[in-house]
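Q: this is the structure alone, sequence omitted:
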């Protein structure tokens, strides 16, 4: 399992694209998918915390916290931007942070209320993906059919190398399409 810093060191541009989409509205915003006790999916809005050394989330006592404590598998998807259908996706495992100094540092920096029953989880990164759809994206009323998205995918090399019959350890997929410079929203750079 790769940490956020491992992923960022291996693919800095992709990590920055993920960070930008997760933090496009200021604080991190995303949809967290967890695994219920019966094996079904559960989805929740969350505020992930991305630092240079980790990907974290403060989680209050809730079904999603119990899901993560029982089965740490997660998927995290960015909120959609207002002017495109671009998206970021991460998947891996969440673990409770037990290092009190790290918990205190992040809680103090983010002003996490000490009286609230929350736990800090760190998310490993097994898969990272960014898809750029352009200004028409997947909108059903576009004048022209949408172009195929430009997709970048990263797979944790250590996860693939743990399985002897695995495919290549790391895969980057780039589907290039024409520039959408004409898609810029007036007043935005």
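A: Yep, that arrived. Not measured: the values here are computed from a predicted model.

Q: remind me, longest strand of the chain?
A: strand 87-96 (DSSP state E).

Q: just the angle between whichever helix or strand comes after that one and strand 87-96, please?
A: Next along the chain after strand 87-96, taking DSSP states H and E as the criterion, comes helix 100-110. Comparing the axes of helix 100-110 and strand 87-96 via axes from the mean of the first three to the mean of the last three C-alpha atoms, to 10 degrees yields an angle of 140 degrees.

Q: outside of the longest strand of the chain, which residues touch it?
A: 1-2, 17-18, 21-22, 55, 57, 68-69, 72-78, 80, 119-131, 133, 156 (C-beta atoms under 8 Å, 6 or more residues apart in numbering). Just so you know, the C-beta spots here come from the backbone N, C-alpha and C atoms, and that holds for glycine as well.

Q: so which bits of it are buried?
A: 87, 88, 89, 90, 91, 92, 93, 94 (16 or more other C-beta atoms under 10 Å).

Q: related to what we said a few turns ago, narrow the contacts of strand 87-96 to those that are buried.
A: Here, 16+ other C-beta under 10 Å leaves 2, 17-18, 21-22, 55, 57, 68, 72, 74-78, 80, 119-131, 133, 156 buried among the contacts of strand 87-96.

Q: narrow those to those in strands?
A: Using DSSP E, those in strands are 55, 57, 74-78, 119-123, 127-131.

Q: please name the strands paired to the longest strand of the chain in the sheet, noting orientation.
A: strand 73-78 (antiparallel), strand 118-123 (antiparallel), strand 127-132 (antiparallel) (DSSP bridges).
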